[in-house]
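Chemist: One predicted model, sequence on top.
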Amino acid sequence: MKTPKNGAIPEGSAFPGQDSPWLFSPKSKLADLIQANYKLLFVLRRMGIALGFGETNVEEMCRRYEISPDFFLMICRIHSSDNLPLPDEWIERLKVSELIDYLHRSHQYYSRQIPLLRQKVRQMASPCEPIHLKILERFIDDYQQETLHHFAYEEETVFPYIRDLAEGRPGNGYSIEQFERNHSNIEEKLNDLQNIILKYLPENSQADLRDEVLFDIFLLEEDLNKHTLIENHILIPYVAQLESHENR
């Protein structure tokens, strides 16, 4: 069975375990994973893994960078499938410090990408009427503020609470349920931006840049979807387990 070039696992396929024909195992060559799904380049960057790894496999690379192979493969599998189940064993074997560090670096990545996207949008819309440029800039500025507020809450409130809980310190009345109740999907507004550019931006905008901007938005939206999935289905259940042990 040949792995699809985009790395997605077809519906009905077996879960990609260590003995499956899929590439996600500790003995897999890192280069093979990237060739199967180029989007894993973003995962490597957030884990601090540099390119030029030759024939190194996952286990060897994780040992070099002091990363748990289980955690690395979990993130790769999530980013490579649209319908992958999230087994309980992933949560049970999780090192919360690795997960929080990864989410923190993801926040840094998104915080860099959105201003870059704004620059491209401005260049793309420069031939249009000023009103169109103003609408797009305001939309992106509002979105950037929303994401910064979202990330700041997690960095300043949620992550410190989880670290304290994992180290046996009391939570001071906070609970992960409060985070779950107020956790917004920050990728949703990117869909609105796509529609503005696809449907309503005048034809005199720069066509090549329009395609590039749309491609960037699609990639960012997909990546943010995975980020939200990790928080909702990995982080929150893990912390709920910690809280239940704390309350016994």
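Modeler: Received it, and whenever you're ready, just let me know what you need.

Chemist: neighbouring contacts of the helix-or-strand element of the chain with minimal mean pLDDT?
Modeler: Least confident element among the helices and strands of the chain, by mean pLDDT, DSSP states H and E: helix 88-92 (a mean of 79). Contacts of helix 88-92 with the rest of the structure, by CB atoms under 8 Å, 6 or more residues apart in numbering, involve 70, 74, 234, 237-238, 241. For every residue, glycine as well, the C-beta is placed using N, CA and C.

Chemist: Tell me the first helix or strand C-terminal of it.
Modeler: Next helix or strand after helix 88-92 toward the C-terminus (DSSP states H and E): helix 96-125.

Chemist: Return the mean pLDDT over that next one, rounded to an integer.
Modeler: Across helix 96-125, pLDDT averages out at 94.

Chemist: Going by neighbour count, list what's buried in it.
Modeler: With burial defined by 16 or more other CB atoms under 10 Å, the residues of helix 96-125 counted as buried are 96, 98-103, 106-107, 110, 113-114, 117-118, 120-121, 124-125.

Chemist: and that helix, what does it pack onto?
Modeler: Counting contacts by 3 or more CB pairs under 8 Å, 6 or more residues apart in numbering; DSSP states H and E, helix 96-125 packs against helix 40-46, helix 69-78, helix 130-153, helix 159-166, helix 207-230, helix 236-246.

Chemist: could you dump the next helix or strand after the fourth one to CSV, C-alpha only?
Modeler: Reading on from helix 159-166 to the C-terminus, the next helix or strand found by DSSP H and E is helix 176-182. Below are the C-alpha coordinates for helix 176-182, written out as CSV (Å, rounded to 0.1, in the frame of the first residue of the first chain):
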residue,chain,number,x,y,z
ILE,A,176,-9.6,23.0,33.0
GLU,A,177,-13.4,23.1,32.7
GLN,A,178,-13.2,26.9,32.7
PHE,A,179,-10.7,26.8,29.8
GLU,A,180,-12.8,24.2,27.9
ARG,A,181,-16.0,26.4,28.3
ASN,A,182,-14.3,29.5,26.9
